[in-house]
Each structure stands twice: as structure tokens, then as C-alpha cells.
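In: Fold the following, please.
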Amino acid sequence: MEIKVERLDFEMADISGSRFQKVKAEELNFDNVNMAKTQINNANMRGMALNDVNMSELRISDANLSGTEIKNANFSHAVIDHVHLFGTEFRNVVLPMEGDGNYNPNGVYKPISFINCDLSNSQLTNCNLANMDIRDCDISGLKINGVLVEDLINKK
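Out: Numbers count the residues shown, from 1 in each chain. Sure, this is the predicted structure:
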């Protein structure tokens, strides 16, 4: 089967409901585009760059995000399920500030949850862990500022 090569240039166009199957779509450029409710399945997105995007209610499953760098992203109400994250960095992960779309003046937000995760050999640096609740976790070797948590618990 021969692939048809065609360069498309859309501006001020509505291509909602379009389908792309078995398509080579490398080096695409989307600028000021509404892609709400778009589904991407079985895709190679290695090296993809997303900048200034709203990813609230995003669903990612069965994904390899190894080596991914996530900075200044809005993932409110997102679900990330069964992903490989080794070598991934999350930087400047903060709650919404006044003026942000999801800002709540009462400061009440749904908690961030890690469920059935292997975070062994991970590092948390300069993070606010106030009121964090750790339950039913293997804490062997867990250190906080160089102090083994097991030693603190055993001193009770």
C-alpha cells in the first residue's frame, strides 16, 4: 500500500469530527487550536512538545512517559493510569493561584493521589508535604532530610 503524501495548511477551519487512521503525521504544528475531547490511540508521540496547554480532565493510560519533563502544566482532575515514569521530572507543580482558571479562594482542592505506585528510589526536593497522608506503604529505607523514618517510628 502506497502512502499518499499531502501537505495541508488549515487556518480558521473547523475539522471537528475528522478521523485519521494509519497516517504518518510527523512534525505537525498546532497553534491556537481547540482539541477538546480529541482521542489519540496507539500513537508514537516521542519528542512531542506541548506548551501553554490546558490538560484538565486528561486521561492517559498504558503510556511510556519515561524521560518526560513536565513543567507548569494544568492537570486538574486528570487520571494517569499504568504508565512508565522512570527518569521523569515534575517541576513547579503548584496549586492554582489567583487569576488561574481553577483557582479556589477557599484553597480547597481535590487531593493529589498516588495509588499502587512504585516510587522506589524517587526524590522529593523542596516540596510542601503539609498534611500528607501515607498509608499501607513500604517505607523501608525512606529518609526525610537524611533521617530514616523507620528509626523514628521505632523510637516510640
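
In: where along the protein do the helices fall?
Out: If DSSP state H is used as the criterion, the helices of the chain fall at 149-154.

In: what residues are up against L95?
Out: Each residue near L95 by CB atoms under 8 Å, 6 or more residues apart in numbering is listed here: G107, Y109. Glycine gets a C-beta too; all of them are placed from N, C-alpha and C.

In: Now do the helix or strand of the chain with the lowest mean pLDDT: which elements does it pack against?
Out: Comparing every helix and strand of the chain by mean pLDDT, DSSP states H and E singles out strand 69-71 as the least confident one, with a mean of 81. On a contact count with 3 or more CB pairs under 8 Å, 6 or more residues apart in numbering; DSSP states H and E, strand 69-71 meets strand 89-91.

In: Could you list the low-pLDDT ranges of the chain?
Out: 1 (pLDDT under 70).

In: go again using 80 as the cut-off
Out: Applying pLDDT under 80 to the chain flags residues 1, 71-74, 101, 156.
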